[in-house]
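**Student:** Below is the structure, and that's it, no one-letter string:
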């Protein structure tokens, strides 16, 4: 037996383990607090990169490099921005689920005259976004503390783009997945606007097919984008008939990023993974409010 390849592989593995261990050791916990909804943990790495998690072992909710709104470390964020290509000139935008404020701060930089509202149910999260992630409100950008569903249900003026990016420690809150909720969202988006949903994919989300099926029931058009190197799926839902193929959406997205001078090509995520999901699949069922209690009792 030739032991050299084995030893080389073992050394490479040990080096990788050492690097991972070192990276974790370099993280400094800046803040940890149990709120009414989760355990909020803020860590900092070198170069001012800060991460928000719900629970020490939880998934990364937000990653922000202080003073740099262009820093979109989580792959799903760039893909979600493709939704901007499906609204002619967004003047009012809503983000449900503030987190560290990554999406609102990026939008604020590139759409300086647009109204940008963010809503989060946890006042501690809003406070952390302000104190640790550089989130700043002004005459055009505001954070609201409250239930995202109730906020949308009470709206009187529609938004051009609505980002549904609310996550608990491991999933989208059940109340934000039902047909009744999405019907309220449809009423809250302008006829020429778009709803952008961020979901975990099928491999880590047993309700993925049902969530997609529920979007299909409510909206007239639905496109799904894969997220490279992540388990997310981005849903682009339209309250109107507007069939598009991959190349058409890719061209629209590229025009937006070029006109707004984004630091990346917004067409790339469309080229990577695009699905026209207008056809209703049989794998899922429509999620409804009356089934929420049953879902809570399920293991």
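**Tutor:** Yep, it's here. All of these numbers come straight from a predicted model, not from anything done at the bench.
**Student:** can you give me the helices for the stretch 1-150 of the chain?
**Tutor:** With helices called from DSSP state H, counting those that start in this stretch, the stretch 1-150 of the chain shows them at 3-25, 75-80, 102-110, 123-132, 148-153.
**Student:** pLDDT below threshold where in the stretch 101-250 of the chain?
**Tutor:** 169-170 (pLDDT under 70).
**Student:** again, 50 this time
**Tutor:** Low-confidence segments of the stretch 101-250 of the chain (pLDDT under 50): none present.
**Student:** Now the element after the strand ranked longest in the chain, going C-ward?
**Tutor:** Criterion DSSP state E: the longest strand present in the chain is strand 189-200. Using DSSP states H and E, the next helix or strand after strand 189-200 towards the C-terminus is helix 208-218.
**Student:** Can you name every helix or strand that that next one contacts?
**Tutor:** In this structure, helix 208-218 makes packing contacts with helix 179-188, strand 189-200, strand 221-226, strand 232-238, judged by 3 or more CB pairs under 8 Å, 6 or more residues apart in numbering; DSSP states H and E. Yep, even glycine has a C-beta here, placed from its N, CA and C like the rest.
**Student:** please redo it, this time with the cut-off set to 7 Å
**Tutor:** Contacts defined by 3 or more CB pairs under 7 Å, 6 or more residues apart in numbering; DSSP states H and E place helix 208-218 against helix 179-188, strand 189-200.
**Student:** For these, give me JSON lines that also has distance to residue 272 and mean neighbour count.
**Tutor:** Formatted as JSON lines, the helices and strands packed on helix 208-218 follow (distance: least, CB to CB, whole Å; neighbours: other CB atoms under 10 Å):
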{"stretch": "helix 179-188", "distance to residue 272": "26", "mean neighbour count": "19"}
{"stretch": "strand 189-200", "distance to residue 272": "16", "mean neighbour count": "22"}
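**Student:** how about those in CSV, adding distance to residue 57?
**Tutor:** Formatted as CSV, these follow (distance: least, CB to CB, whole Å):
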stretch, distance to residue 57
helix 179-188, 29
strand 189-200, 16
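**Student:** Residue 135: which of the ones you listed is closest?
**Tutor:** strand 189-200 (18.6 Å; CB to CB).
**Student:** between that closest one and helix 208-218, how big is the angle?
**Tutor:** Computed by axes from the mean of the first three to the mean of the last three CA atoms, to 10 degrees, the angle separating strand 189-200 from helix 208-218 equals 170 degrees.
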